[in-house]
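Student: structure of the sequence below:
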Amino acid sequence: MDIGRLRAETPGCAQVVHLNNAGAALPPRQVIDAVAEHLDLEATIGGYEASDQAEPARERFYDAVAGLIGADRDEIAYVENATRAWDMAFYSIPFAPGDRILTTTSEYPSNAIPYMQMARRRGVKVDVVPDDEHGQISLDALQAELDKGGVRLVSLNHVPTHNGLVNPAEEVGRLCRDANVLYLLDACQSIGQIQVEVGEIGCDMLSATGRKFLRGPRGTGFLYVRRSILRTLEPPFLDLHSASWTAPDTYEIRDDARRFENWERYVAGQIGLGVAAEIAAELGLPAIEERVTGLATRLRDALAERPGVTVLDRGERRSGIVTFTVEGHDARDLKLSWREQGINVSVTDGATQHYDSKAAPAAIRASAHYYNTEEEIDRLVAAVPVP
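Tutor: Coordinates of the predicted model:
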């Protein structure tokens, strides 16, 4: 990678040391320009007219995202964020009383809450699969739960938001296929930093955001749904885009993944997200992952040598997310102090991780991307106070 060129194409790199890519990455100039040009077009000729004129760019989004994850374009829906994409998939499943949902200890709160809602509404049962010795989902325990029967859905986060690991998504997919169980993968933190191939993973549904490692605009995301199960899932709400009003008392739902979309949308964001997906594909996810994980490893190793620092990351395979605490210092205070120094990090709140008994009450989360430099990693380490 030409890091100098990539940084020059990222205006934010001249302003901050941005190590909060798991929150929202700095967008490249190509994405910024694509969004700005369409917003300018809307202001110049009108929103509807601009959308019509930009149809080729809107349609290119589907090809770009499909190509990025190894899907077909009719399996992709543009959705306003990863949470809504996940919700559209989850709430479309026809759960029945007694159905079981299997998830992991590192589940994201915005996913766990719908489980509980579905338990109240439909009488489903939510079972949390324990971790293995590495801290990721135990495949042996998952197999044992699947063998018990009654499982309607396995719902997994590929890369948890708070502990640095990468869950074994492909192995989970194999077990789900063998058991003929639906598999929903939350790829919010993995898209854009590691290779995600839906065919290899074997997931039936996948939700993702634009703003994180994919470097797209905020307020954008997408949903993948395997073609073979599309007709078995009815979206929780419909409009004149996702369905057609065929007679006074009948309607017909689209037969592609756009049944999960809304007619009204952030068109500039859709175009920008397509550009972001094209950039990631051009750079190549293997090269991106090598760069990101290399920077994260450098950070973990350096932090481990600092007195009073505890690195909290788990997993046999680890991502670009690094979490740690500093003895005698509140994580939120450190975040604000470093922000004043031009260093961006985030804080994970273990109090919201009710399935994960090992989550720290509060920890710093530093997340590198390929445009970060070794010098920026070292600058963060140097800013860590010594007890």
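
Student: ok, now how distant is W338 from T373?
Tutor: Per Cβ to Cβ, to the nearest Å, W338 is found 17 Å from T373. Any C-beta I mention is one placed from the backbone N, CA and C, and that applies to glycine too.

Student: and these two? Which one has more around it.
Tutor: Legend: neighbour count by other Cβ atoms under 10 Å for W338 and T373, higher for W338 (20 against 15).

Student: which pLDDT value goes with the more buried one?
Tutor: W338 is assigned 98 on the pLDDT scale.

Student: list the contacts for it?
Tutor: By Cβ atoms under 8 Å, 6 or more residues apart in numbering, the contact list for W338 reads 344-345, 380, 383.

Student: among the residues you listed, which ones are in helices?
Tutor: The helices, defined by DSSP state H, take in 380, 383 from the contacts of W338.

Student: the closest residue to D132 other than its chain neighbours: what's it in contact with?
Tutor: Nearest residue to D132 in three dimensions, chain neighbours excluded: S138, at 3.9 Å (Cβ to Cβ, 6 or more residues apart in numbering). Listed by Cβ under 8 Å, 6+ apart, the contact set of S138 reads 129-132.

Student: can I get the residues you listed in JSON lines including neighbour count, distance to R84 and secondary structure?
Tutor: Listed next are those as JSON lines, based on neighbours: other Cβ atoms under 10 Å; distance: Cβ to Cβ, whole Å; DSSP: H, G, I helix; E, B strand; the rest coil:
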{"residue": "V129", "neighbour count": "24", "distance to R84": "26", "secondary structure": "strand"}
{"residue": "P130", "neighbour count": "14", "distance to R84": "30", "secondary structure": "coil"}
{"residue": "D131", "neighbour count": "20", "distance to R84": "29", "secondary structure": "strand"}
{"residue": "D132", "neighbour count": "17", "distance to R84": "32", "secondary structure": "coil"}
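
Student: ok, these vs P248, which is closest?
Tutor: Nearest to P248 among the contacts of S138 is V129, at 48.0 Å by Cβ to Cβ.

Student: near E59, how many other residues are there?
Tutor: E59, neighbours per other Cβ under 10 Å, totals 13.

Student: ok, now R227?
Tutor: 13.

Student: residues contacting it?
Tutor: If you count contacts by Cβ under 8 Å, 6+ apart, then R227 has 72, 74-75 around it.

Student: which among the residues you listed count as buried?
Tutor: Among the contacts of R227, those buried by neighbour count (16 or more other Cβ atoms under 10 Å) are 72, 74-75.

Student: for the helix ranked longest in the chain, list every residue counted as buried.
Tutor: With DSSP H applied, the helix covering the greatest number of residues in the chain is identified as helix 285-304. Neighbour-count burial for helix 285-304 flags 285, 288-289, 291-293, 295-296, 298-300, 302-303 (criterion: 16+ other Cβ under 10 Å).
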